[in-house]
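[1] Okay, here's the prediction I keep looking at, along with the sequence it came from:
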Amino acid sequence: MTFYQEKLNHIKNVCYSNDAQIKAIIDTRHFIDHNFEKDLKLDVLSHIRFTSKYHLQRLFKRYYGLTPRQYLIDKRIEKSKEFLKNGMTVTETCFAVGFESLGSFSKLFKTKTGKSPSKFQKEQVSRSKLDTDF
Amino acid sequence: MKVTLISIPVRDQEKALQFYTEKLGFLIKKDAPLEGGNRWITLVSREWQDGPELLLEPAPNHFEPSKVFQDALMEAGIPYTQFDVDNVDAEYERLCKLDVVFSVKPTEMGTVKFAVFNDTCGNNIQIVETL
């Protein structure tokens, strides 16, 4: 057994031994993945498997390294990029990924990706045109 | 500042280029000649071509500590870096058929599944799937 494998076993025993708890957190992530456009409330999520929303938040962060809220935001940005690439308008995209106001969506999109949704979309379109022109 | 590049030490750039493109499936982004037969070679993911570039750096041939460090990681089985995949089991099967040798078979730990293979250029590389 290599040094790395020994270390892995050690980490598994110390940090990842609670299989039931890990499974519940993985299920939570999958639930977010399939419901990212809904108005997800942590207390609703936590009612399914966990004692409280604080408990869920703590465990999610412990096993994934970020909070469920941060994960949801990243998921929504990832999905909005996909929708914009596929030609959905900025407004449609905003609501399709679960944001309630265009202003907050655009601002967050720019913070996370470095450009506004409309600029991002224009670049995608011109890129695909370039591909066909050359 | 932006993170756009990660480098990986390789003993033979041409051999590395073949392994990383033909077996792992990366695409060449840049390939420019440098002094002494060295090249500036960067690769990108096929499915994320505007993502970060992977630099195949011939450091172990020119800087002894780099070679020592690379050898020590290899000996200990420690991955030099890791790549994300959608499905570790599928990649494991695919790469095994291409004669890639794994030191860690697909293993679940916490919220990830991972495996470790030898890149034949001096490094262990880990592939990871988020569960």
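    Yes, it's here.
[2] Report the central residue of chain A.
    With distances taken as C-alpha atoms, centre = their mean, the residue of chain A nearest its centroid is A:Lys75 (2.6 Å).
[3] What sits closest to it if chain neighbours are left out?
    Of all residues beyond its chain neighbours, the one nearest A:Lys75 is A:Phe36 (4.7 Å), with distances taken as C-beta to C-beta, 6 or more residues apart in numbering or on different chains. Yep, even glycine has a C-beta here, placed from its N, CA and C like the rest.
[4] Likewise for B:Val44?
    Nearest to B:Val44 is B:Lys29, by C-beta to C-beta, 6+ apart, at 4.7 Å.
[5] Also B:Thr120?
    B:Phe19 (5.5 Å).
[6] Enumerate every residue touching the one you found.
    B:119-121 (C-beta atoms under 8 Å, 6 or more residues apart in numbering or on different chains).
[7] what's the burial count for the residue nearest to A:Lys75?
    20 (other C-beta atoms under 10 Å in any protein chain shown).
[8] sorry, back to before: tell me if I'm right that the residue nearest to the centre of chain A and A:Asp33 touch.
    Yes - between A:Lys75 and A:Asp33 there is a contact under C-beta atoms under 8 Å: 6.5 Å.
[9] And stretch B:96-112, what's buried?
    B:100, B:103-104, B:106, B:108-112 (16 or more other C-beta atoms under 10 Å in any protein chain shown).
[10] rewinding a little: surely the residue nearest to the centre of chain A is within a helix?
    Yes - A:Lys75: assigned to a helix according to DSSP: H, G, I helix; E, B strand; the rest coil.
[11] Specify the residue ranges that define each domain of chain A.
    A:1-65, A:74-134 (automatic domain parsing).
[12] Tell me which of these approaches B:Thr42 most closely.
    Across those, B:Thr42 has its closest neighbour in domain A:74-134 (19.4 Å, C-beta to C-beta).
[13] give me the number of residues near the closest residue to A:Gln21 other than its chain neighbours?
    Leaving out its chain neighbours, the residue that sits closest to A:Gln21 by C-beta to C-beta, 6+ apart is A:Leu59, at 6.5 Å. By other C-beta under 10 Å, 20 other residues sit near A:Leu59.
[14] Was I right to think A:Leu59 contacts A:Phe50?
    Yes - using C-beta under 8 Å, A:Leu59 makes contact with A:Phe50 at a distance of 7.2 Å.
[15] Reformat the domains of chain A as a markdown table; add distance to B:Gln49 and mean pLDDT.
    Below are the domains of chain A laid out as a markdown table (distance: least, C-beta to C-beta, whole Å; pLDDT from 0 to 100):
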| stretch | distance to B:Gln49 | mean pLDDT |
| --- | --- | --- |
| domain A:1-65 | 24 | 89 |
| domain A:74-134 | 10 | 90 |
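[16] Now distance to B:Thr42 too, for those, in a markdown table please.
    Listed next are the domains of chain A as a markdown table, based on distance: least, C-beta to C-beta, whole Å:
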| stretch | distance to B:Thr42 |
| --- | --- |
| domain A:1-65 | 27 |
| domain A:74-134 | 19 |
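[17] mind listing what the residue of chain B found nearest chain A touches?
    Proximity of chain B to chain A (C-beta to the nearest C-beta) peaks at B:Gly77, 2.9 Å away. Contact partners of B:Gly77, counting by C-beta under 8 Å, 6+ apart, are A:2-5, B:103-104, B:116, B:124.
[18] So it versus B:Glu108, what's the distance?
    Note on B:Gly77: its distance to B:Glu108, by C-beta to C-beta, to the nearest Å, is 18 Å.
[19] buried stuff in the lengthiest helix in chain B?
    When chain B is parsed with DSSP state H, its longest helix is helix B:64-76. In terms of neighbour count (16+ other C-beta under 10 Å), helix B:64-76 has its buried residues at B:66-67, B:70, B:73-74.
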